[in-house]
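Asker: Starting from these lines, generate the structure:
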Amino acid sequence: MAQLARREQQGLAARKGTAQLRLALPAAPLILPQLTPVPFAIDPAAQPPEPELILRLGAPVCLQLGLLPWRQVGGATVILAADPGVVRRHLVRLKAVFGPVRMAYCPMTDLRTALLAVAAPALVRRAEARVAAEESCRDFGTGSRRRRAMPLLLLAGVMAAGIAAPMVFFAVLLFWAVLTLVLNSGLKLVAGMMALRVPQVPRLAAGSVPVRLPVRLPVVSLLVPLYHERAIAAHLLARLDLLDYPRDRLDICLILEDDDAMTRAALAVASLPAWVQVIEVPQGSLRTKPRALNYALDFAKGSIIGIYDAEDAPAPDQIRQVVARFAQCGPEVACLQGALDYYNAGSNWLSRCFTLEYATWFRVMMPGLQRMGLVIPLGGTTLFLRRHAIEQVGGWDAHNVTEDADLGLRLARYGYRTELIQTVTEEEANARFWPWIKQRSRWLKGYAVTWAVHMRDPLRLWRDLGTWRFIGVQLLFIGTLSQFVLAPLLWTFWLVLFGLPHPVNALLPQGAIIGLGAVFLLAGLVNLLVAAQAVRLAGKGWLMIWAPTLQLYFPLGAIAAYKGLAELVRRPFYWHKTTHGIFVPQGAMAPPAPAPRRSATG
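Answerer: Below you'll find the model as predicted:
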């Protein structure tokens, strides 16, 4: 009889609406497993939640669990949820925080809207300062007037030294340029020799290699930052739909900035399946890809976090390969990095050289760094992270415009390892000169910032990485920057080939000058051979004939380096957006028919 009376009372409250909520929530504490939802929905827009309750559990936890601590009624805290099972699974935790709890139903869309109305400003601040201050570059351009003026003072000192003793200054810079050239060429040669000894598979076709998956497949969240993507959004959804992974274990997060009406309109006409969620990043103090990733991380449901770009076309079995490898390796492997390739390699000369360069990096250099035990600077896409690891290191540095390289170094400092996996994502090569320079200037600026941040305390970096990897970091970052910045010095030796006098003739004997010429020729030969080997491994051997033209391609990097250094002083956090969908071969955007779906058990 008591149960019938209670049901009648609850039914009356349901008919009268939320104004009679207290009738449906008796003061008696809830006892597991007798948790039942209130038989009507609460509208948190009409009756907003109490902010203090959200803060007690934490807005990120509320987002990840899909819960909204609403109000205290009748001696119990009412928890809104779209799924009663979530409250049951986390009841012990909820009671430890709130004491007696009751559950009421709320649609997920309404729940999230109400939660963000209260917590969005705090989530934005968290996204912009997730990385610890001492590990972030967000204080660049701030602080004392003297500190802000340091880059200009350093530049003035270099110019003064050049004016006071031009020949000595020239000789020192030339020595450093030649030294970094020799070291970089040696690293590339060793990596190329290792690639010859250890065969690589350029691409794993779907189903070609059997994978051993765990019994219960983990949820994989794919974060896809989008910005001003008019033509790419619908194609991206078609490509992601080809991923051969159970839809109930897949969580695709399309990340939009709140002012991006273009992408929002493109998605509005697309039919989004239930396993795709759209996350809008509110306005903050800056707009960068790592800030958007940090914000979206709190919305992601998976224990594995993957990153894709808007123009990416991943291999259909890529997620299965990632899940299988994570299941096989130990917890110290925090990141799996796939290879990037380009579907528009034949668009023009710049796209061919871009493809040659990236093939060298992903097919030869990165595997070589892994085999030598050095730190691997990550690529910005086709990387997959264990959630606990990315959260432990503080996510991405929202102010670093080369967040991937910084993250790879930070993971290594925390004791984690990155492994390469033999799976490929194709994307669009930047095939226009000025956009290429703007993109490359951002990368080089980020390299400089990353090196400066981690070298704030060189002894600590040495202890974190060990001697071998510490030296490798110096070579990768300072060596790369030096080669681009000092490239014009090396170009002056072309004067000798034309019989013209060179300024170094007065400082070095003829034999030394001939030796320098031999060094330049050997370095160019190493670049040529390694690039040819890389495109062979990538299955694009037809690009070998274009490898000699890289000598005309790399000077563009010097222009980008000077642009990046200028921005480092004026706009260290400015993010040059690369426009996609410009050079797309006919049919490249049209995916093939999707493969048959598999069940959650694999």
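Asker: Tell me where this protein has strands.
Answerer: Across the chain, reading from the start of the chain, the strands by DSSP state E fall at 38-41, 67-73, 76-81, 101-105, 220-225, 250-257, 276-281, 304-307, 313-314, 333-342, 383-386, 417-427.
Asker: Neighbouring strands - and their directions - for the shortest one?
Answerer: Right, the one you point to is strand 313-314. Strands adjacent to strand 313-314 in the sheet, as given by DSSP bridges, are strand 417-427 (antiparallel).
Asker: which parts of the strand it pairs with are buried?
Answerer: Of the residues in strand 417-427, those buried under the neighbour-count criterion (16 or more other Cβ atoms under 10 Å) are 417-418, 420-427. C-beta coordinates here come from the backbone N, C-alpha and C atoms, glycine included.
Asker: before we move on, the earlier item: in a markdown table: the strands of the chain, plus mean pLDDT and distance to residue 448.
Answerer: Rendered in a markdown table, the data for these read as follows (pLDDT from 0 to 100; distance: least, Cβ to Cβ, whole Å):
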| stretch | mean pLDDT | distance to residue 448 |
| --- | --- | --- |
| strand 38-41 | 56 | 53 |
| strand 67-73 | 92 | 43 |
| strand 76-81 | 92 | 47 |
| strand 101-105 | 89 | 51 |
| strand 220-225 | 96 | 23 |
| strand 250-257 | 95 | 26 |
| strand 276-281 | 94 | 26 |
| strand 304-307 | 97 | 23 |
| strand 313-314 | 92 | 31 |
| strand 333-342 | 94 | 22 |
| strand 383-386 | 96 | 22 |
| strand 417-427 | 92 | 22 |
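Asker: Reformat those as JSON lines; add distance to residue 566.
Answerer: Rendered in JSON lines, the data for these read as follows (distance: least, Cβ to Cβ, whole Å):
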{"stretch": "strand 38-41", "distance to residue 566": "56"}
{"stretch": "strand 67-73", "distance to residue 566": "48"}
{"stretch": "strand 76-81", "distance to residue 566": "51"}
{"stretch": "strand 101-105", "distance to residue 566": "57"}
{"stretch": "strand 220-225", "distance to residue 566": "26"}
{"stretch": "strand 250-257", "distance to residue 566": "26"}
{"stretch": "strand 276-281", "distance to residue 566": "28"}
{"stretch": "strand 304-307", "distance to residue 566": "29"}
{"stretch": "strand 313-314", "distance to residue 566": "35"}
{"stretch": "strand 333-342", "distance to residue 566": "28"}
{"stretch": "strand 383-386", "distance to residue 566": "30"}
{"stretch": "strand 417-427", "distance to residue 566": "28"}
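Asker: and the buried residues of strand 417-427, which two are the farthest apart?
Answerer: Between any two of the buried residues of strand 417-427, the greatest separation by Cβ to Cβ is 26.3 Å, found for 417 and 426.
Asker: still on that earlier bit, any chance of the buried residues of strand 417-427 in JSON lines, plus distance to residue 213?
Answerer: Output for the buried residues of strand 417-427, formatted as JSON lines (distance: Cβ to Cβ, whole Å):
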{"residue": "417", "distance to residue 213": "22"}
{"residue": "418", "distance to residue 213": "22"}
{"residue": "420", "distance to residue 213": "20"}
{"residue": "421", "distance to residue 213": "14"}
{"residue": "422", "distance to residue 213": "17"}
{"residue": "423", "distance to residue 213": "15"}
{"residue": "424", "distance to residue 213": "20"}
{"residue": "425", "distance to residue 213": "20"}
{"residue": "426", "distance to residue 213": "24"}
{"residue": "427", "distance to residue 213": "27"}
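Asker: which of those residues lies closest to residue 44?
Answerer: For those, the nearest to residue 44 is residue 425 (39.5 Å; Cβ to Cβ).
Asker: For the closest one, give its distance to residue 503.
Answerer: According to Cβ to Cβ, to the nearest Å, residue 425 stands 47 Å off from residue 503.
Asker: try residue 566
Answerer: Separation of residue 566 from residue 503 (Cβ to Cβ): 26 Å.
Asker: and if you look at residue 377?
Answerer: Between residue 377 and residue 503 the distance, using Cβ to Cβ, works out to 35 Å.
Asker: the more surrounded of those two?
Answerer: Between residue 377 and residue 503, counted using other Cβ atoms under 10 Å, residue 377 has the larger neighbour count: 25 against 14.
Asker: Kindly list the single helix or strand of the chain that scores lowest on mean pLDDT.
Answerer: helix 21-24 (a mean of 34; mean pLDDT, DSSP states H and E).
Asker: how about stretch 282-299: buried residues?
Answerer: Judged by neighbour count using 16+ other Cβ under 10 Å, the buried positions of stretch 282-299 are 284, 287-299.
Asker: Provide a list of residues in contact with the nearest residue to residue 214 once chain neighbours are set aside.
Answerer: Excluding the flanking residues, the one nearest residue 214 by Cβ to Cβ, 6 or more residues apart in numbering is residue 327, at 4.6 Å. Contacts of residue 327 were listed using Cβ atoms under 8 Å, 6 or more residues apart in numbering, and they are 212-214.
Asker: Equivalent analysis for residue 67, please.
Answerer: By Cβ under 8 Å, 6+ apart, residue 67 lies in contact with 57, 61, 79-81, 86-87, 90, 94, 111.
Asker: Highest neighbour count among these?
Answerer: residue 80 (29 neighbours).
Asker: what's across from that residue in the sheet?
Answerer: Each beta-bridge partner of residue 80 is listed here, defined by DSSP bridges: residue 68, residue 104.
Asker: Spell out for me which residue occupies the centre of the protein.
Answerer: Relative to the mean C-alpha position of the chain, the nearest C-alpha, by Cα atoms, centre = their mean, is the one of residue 380, at 4.4 Å.
Asker: what about that one, distance to residue 310?
Answerer: Noted for residue 380: a distance of 12 Å to residue 310, by Cβ to Cβ.
Asker: do the same with residue 174
Answerer: Noted for residue 174: a distance of 43 Å to residue 310, by Cβ to Cβ.
Asker: which of the two has more neighbours?
Answerer: More crowded of residue 174 and residue 310, by other Cβ under 10 Å: residue 310, with 23 against 20.
Asker: Next, find the distance separating that one from residue 48.
Answerer: Distance from residue 310 to residue 48, counting by Cβ to Cβ: 35 Å.
Asker: Next: residue 97.
Answerer: Plainly put, residue 97 is 20 Å away from residue 48 if you go by Cβ to Cβ.
Asker: just residue 502 next, same as before
Answerer: In this structure, residue 502 and residue 48 are 75 Å apart, going by Cβ to Cβ.
Asker: Ok, residue 56 next?
Answerer: On the measure of Cβ to Cβ, residue 56 and residue 48 end up 16 Å apart.
Asker: Next: residue 473.
Answerer: Using Cβ to Cβ, we find residue 473 at a distance of 49 Å from residue 48.
Asker: quick one: low-confidence ranges for the stretch 301-450 of the chain?
Answerer: Counting by pLDDT under 70, the stretch 301-450 of the chain shows no low-confidence range.
Asker: at 90 instead, please
Answerer: The stretch 301-450 of the chain contains residues with pLDDT under 90 at 310-312, 379-380, 422, 427-432.
Asker: Show me where the stretch 151-300 of the chain has its helices.
Answerer: Secondary structure of the stretch 151-300 of the chain by DSSP state H, counting those that start in this stretch: the helices cover 166-197, 233-240, 261-268, 289-297.
Asker: And those, which one averages the lowest pLDDT?
Answerer: When mean pLDDT is averaged over each of the helices of the stretch 151-300 of the chain, helix 233-240 scores lowest at a mean of 82.
Asker: Now residue 389. Nearest residue, chain neighbours left out?
Answerer: With sequence-adjacent residues excluded and distances taken as Cβ to Cβ, 6+ apart, residue 389 is closest to residue 334, at 3.5 Å.
Asker: list the contacts for that neighbour?
Answerer: Taking Cβ under 8 Å, 6+ apart, we find residue 334 in contact with 385-386, 389-390, 411, 416-418.
Asker: ok so, going back, and the residue nearest to residue 214, how close does it get to residue 386?
Answerer: Using Cβ to Cβ, we find residue 327 at a distance of 11 Å from residue 386.
Asker: Which phi and psi values does the nearest residue to residue 392 once chain neighbours are set aside adopt?
Answerer: Distances taken as Cβ to Cβ, 6+ apart put residue 414 closest to residue 392, at 6.5 Å, once the chain neighbours are dropped. The phi and psi torsions at residue 414 (degrees, to the nearest 10) take the values phi -90, psi 0.
Asker: Many thanks, have a good one.
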